[in-house]
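Student: Quick one, what's the 3D model for this:
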Amino acid sequence: MDMRSISPPGRARPHVFPKTQRDPEPFTYFTERNFENITQVNELPPELRFDMQVVSSVLPFKVNSYVVNQLIDWSDIPDDPIFQLTFPQKGMLTEDHFNRMAALLKNDAPRKDIKEEANRIRLELNPHPAGQTTLNVPTLDGEVLPGLQHKYRETVLFFPAAGQTCHSYCTFCFRWAQFVGMSDLRFAAKEASQLKEYIRRHPEVTNVLLTGGDPMVMKTHKLEQYVEPLLDPALEHLQTIRFGTKSMAYWPQRFVNDPDADDLLRMFERIIASGRSVAVMAHYNHHRELETSLAREAVRRIRDTGAVIRSQSPVLAHINDSAGVWELMWREQVRLGIIPYYMFVERDTGAEHYFKIPLVKATKIFREAFRHVNGLARTVRGPSMSATPGKVEVTGMSEVNGEKVLALRFLQGRNPDWVGRPFFAKYDEEASWLHHLKPAFGQEKFFFEDELARMTDEKMKEVDAA
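Tutor: Residues are numbered from 1 along each chain as shown. Sure thing, here's the model as predicted:
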């Protein structure tokens, strides 16, 4: 066993990352072009395989051998939650969209016609919700910064160009437009110099989130090119570097026995030695993703660097719309040393009609799971909508002066003064997003709407000028 020590500056004792004794598994993935090469898929009914072909002609599809062989229960198809999470299902397109694409495939239409129809459908699926391409995009010296988003005062999102894919794609993904080959829908930054300068000029920014896609698809030497500029002592106000990733569930080998897994862990330690913290924002959608030995070893090795792991997931029909699933997931995360962070509501984009849960049902699922876990798991917040004005949490249902209401508050807001301020919406058992809700108590508007409209106008003028 290779017991090389890793001793970054500032650490009192050399730290040792024991190498796993497993032989590294080569990363093998499948897409809409070759998914029928998967042995288990070939045993499925032809009509199910055709449905997959139709849906994957519109929505991105990619799955790897680890997910196929270690996470999916192939005796429970199509209901298996990980199968639903990674393989296209007919209901993920509306009937109209499905029929339009199915007709082309059945008639062996030219690939050009299929692509054009797919793009037309994609533009009807709200590819970039919540003002991502307009309201969230920052400017520097009068120029729009591609590949950056700055929605909340303290946090900047960075989309490294080399990290705009994933080890497998989630069927519910709210950033699905990054992966379908339409360049005008894609966020990407080729290098970090503009990010560094932007942060230098914005001392209110305390943390950067590298996201995508998934930054962990990059080789470590490439990831370092984005990270190292952020360790400059001149950026002393930058406290935390965050990595948004699904790799701990979809390819834990990235942290265990990939050829540069140790290099990645050393990079985490260098960040920490610079006086900053590392937060791995792990996407777990089901407790099964935590149950393999590789997944648990990945968690252990990351935590050994001093990095903190926080977990988040939307609540999703067909996958985790059960309090029992969330309770098991939060319990296991706490046992492994992962901090439960967010339960989200599925965003209003892509296949949201297939996965969405009414806010009332999502709140009941959250509360039922929340009350059955101990205080260490109650760090989690939700259900939360990442909507245009900010992250809005449904805190519960109540009755005030004889009126049944939903109680809400901002966890994050475009205006920080909105954060923590309670407000109320009329009780609605069908509403699944903020714009479905109406103000309670006879109010015409929610308290933030006029200010949001002014902020939107100002931002649009700034972007147009750039």
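Student: Not including adjacent chain positions, what is the nearest residue to the residue nearest the centre of the chain?
Tutor: Here the mean C-alpha position of the chain is nearest to the C-alpha of residue 283 (CA atoms, centre = their mean), at a distance of 6.3 Å. In this structure, residue 283 finds its nearest non-sequential neighbour in residue 246, 4.3 Å apart by CB to CB, 6 or more residues apart in numbering. Heads up, the C-betas are built off the backbone N, CA and C, glycines and all.
Student: what are the phi and psi values for that neighbour?
Tutor: Torsion angles at residue 246 (phi, psi; degrees, to the nearest 10) stand at phi -110, psi 0.
Student: and if you look at residue 380?
Tutor: phi -70, psi 150.
Student: that older thread, wait, the residue nearest to residue 283 touches residue 169, no?
Tutor: No. Applying CB atoms under 8 Å, one finds residue 246 not in contact with residue 169, separated by 9.2 Å.
Student: So what touches stretch 391-401?
Tutor: 359-360, 362-363, 367, 381-385, 404-413, 422, 424, 427, 434, 440-441 (CB atoms under 8 Å, 6 or more residues apart in numbering).
Student: Quick check: buried residues in it?
Tutor: 391-395, 397 (16 or more other CB atoms under 10 Å).
Student: and what of stretch 62-69?
Tutor: 62-68.
Student: Start and end of it, how far apart?
Tutor: End-to-end distance for stretch 62-69: 14 Å, by CA to CA, to the nearest Å.
Student: Spit out the contact partners of the residue found closest to residue 260 once you drop the neighbours it is linked to in the chain.
Tutor: The shortest distance from residue 260 to any non-neighbouring residue, by CB to CB, 6+ apart, is to residue 220 (4.3 Å). Residues near residue 220 by CB under 8 Å, 6+ apart: 260, 263-264, 267.
Student: Now do residue 220 against residue 212, distance only.
Tutor: Going from residue 220 to residue 212 by CB to CB, to the nearest Å gives 16 Å.
Student: again with residue 81
Tutor: Noted for residue 81: a distance of 23 Å to residue 212, by CB to CB.
Student: swap in residue 259?
Tutor: Between residue 259 and residue 212 the distance, using CB to CB, works out to 21 Å.
Student: the more surrounded of these two?
Tutor: When neighbours are counted by other CB atoms under 10 Å, residue 212 comes out ahead of the other of residue 259 and residue 212, with 27 against 10.
Student: Next, count neighbours for the closest residue to that one other than its chain neighbours.
Tutor: Spatial nearest neighbour of residue 212, chain neighbours left out: residue 163 (4.5 Å); criterion: CB to CB, 6+ apart. Neighbour count for residue 163, taken as other CB under 10 Å: 26.
Student: Residue 163 against residue 225, yeah?
Tutor: No. At 11.2 Å, residue 163 and residue 225 do not qualify as touching, with contact defined as CB under 8 Å.
Student: how about stretch 191-211: buried residues?
Tutor: Buried residues in stretch 191-211, counted by 16+ other CB under 10 Å: 192, 194-196, 198-199, 202, 205-211.
Student: what do you get for stretch 78-91?
Tutor: Buried residues in stretch 78-91 (16+ other CB under 10 Å): 80-91.
Student: One more: stretch 286-293?
Tutor: 286-290.
Student: where's the closest residue to residue 409 other than its chain neighbours relative to residue 370, distance?
Tutor: Nearest non-adjacent residue to residue 409, counting by CB to CB, 6+ apart: residue 422, 5.0 Å away. Distance of residue 422 to residue 370, given as CB to CB: 19 Å.
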